[in-house]
Structures are given as structure tokens and as C-alpha cells.
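Participant: here is a sequence with its predicted model. Questions after.
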Amino acid sequence: MSEADRGMGLEAALWRAVAVYRGLALVYAAAVIAMNFDGYARPAAGWAVLAVMAAWTAYTVPAFGDPRRRGWPLLGADLAVASGCLVATAWVETPANIADGRPTLPVSWVAAAVLSWA
């Protein structure tokens, strides 16, 4: 096996690891939203943010798996969607819950966008 083949194998394994992380973080965010939605200022919006996260996860897992699609436009869009979901917390949550330190809507799901840049 050549050095280039080993590098591509490692790169593919790292992208699979980010995909697994993204999926598991989505499940965790869904559990947090399910446990907290009754205290949200806008519960339906919390579920809508989760739907966006699920749709984006379904899109990005195969997109980042394809080296031809893995470029600045996808990375930028990934960061924009993750940031939007994070910022939506201020609209969905009550100010009191935010002050009390309740988790953001995407919890650790946003870290997948950062991992994709690495």
C-alpha cells in the first residue's frame, strides 16, 4: 500500500468518525430537547430546530464522505447551519432558563462543524 493510499484511508476513517459523532450528538440533542421542551418559550420552534439539525445531518454525512464535495462551500454552510441552530436557543428558550445555564438546543452537535474544519 502506498503512502497516498494510507493517507486516504486515514482521511476516510476520520470523516467516518466525524459522521458517527454528528449522529450521536444529534441523538443527545434530541434527548435534551425532549426533556426540556415543556419549559421552552416556543416549544414548537425547539422541535423545528431539531428537524433542521436532523435534515442537515442526513445531508452532511454523505456530503463530507465524498472528497469532491468536501470544500469551502460545504464547510461554510455547515458552520452557518450550526451557528444558526445555536443562536436559535435565544429565541426558543426563556431568559430565565438561559440565565440558569440550561443547555443550548444543539448541545454538542455544533462541535461537528468545528471538527469538519480540522
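Facilitator: Sure thing, it's come through.

Participant: what about the protein, any weak spots by pLDDT?
Facilitator: 1-8, 118 (pLDDT under 70).

Participant: what ranges do the helices span in it?
Facilitator: Assigned by DSSP state H, the chain shows helices spanning 3-36, 43-65, 72-92, 95-99, 111-117.

Participant: in CSV, list those along with distance to L105.
Facilitator: Glycine gets a C-beta too; all of them are placed from N, C-alpha and C. Shown next, in CSV, are the helices of the chain (distance: least, Cβ to Cβ, whole Å):
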stretch, distance to L105
helix 3-36, 6
helix 43-65, 5
helix 72-92, 5
helix 95-99, 11
helix 111-117, 14
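
Participant: I'd like these as a markdown table, with mean neighbour count appended.
Facilitator: Formatted as a markdown table, those follow (neighbours: other Cβ atoms under 10 Å):
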| stretch | mean neighbour count |
| --- | --- |
| helix 3-36 | 14 |
| helix 43-65 | 17 |
| helix 72-92 | 16 |
| helix 95-99 | 12 |
| helix 111-117 | 17 |
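
Participant: okay, now T94: neighbour count?
Facilitator: Residue neighbour count, defined by other Cβ atoms under 10 Å, stands at 13 for T94.

Participant: now the residue nearest to it when sequence neighbours are not counted: phi and psi?
Facilitator: Nearest non-adjacent residue to T94, counting by Cβ to Cβ, 6 or more residues apart in numbering: A41, 4.6 Å away. Per-residue torsions, A41: phi -70, psi -30 (degrees, to the nearest 10).
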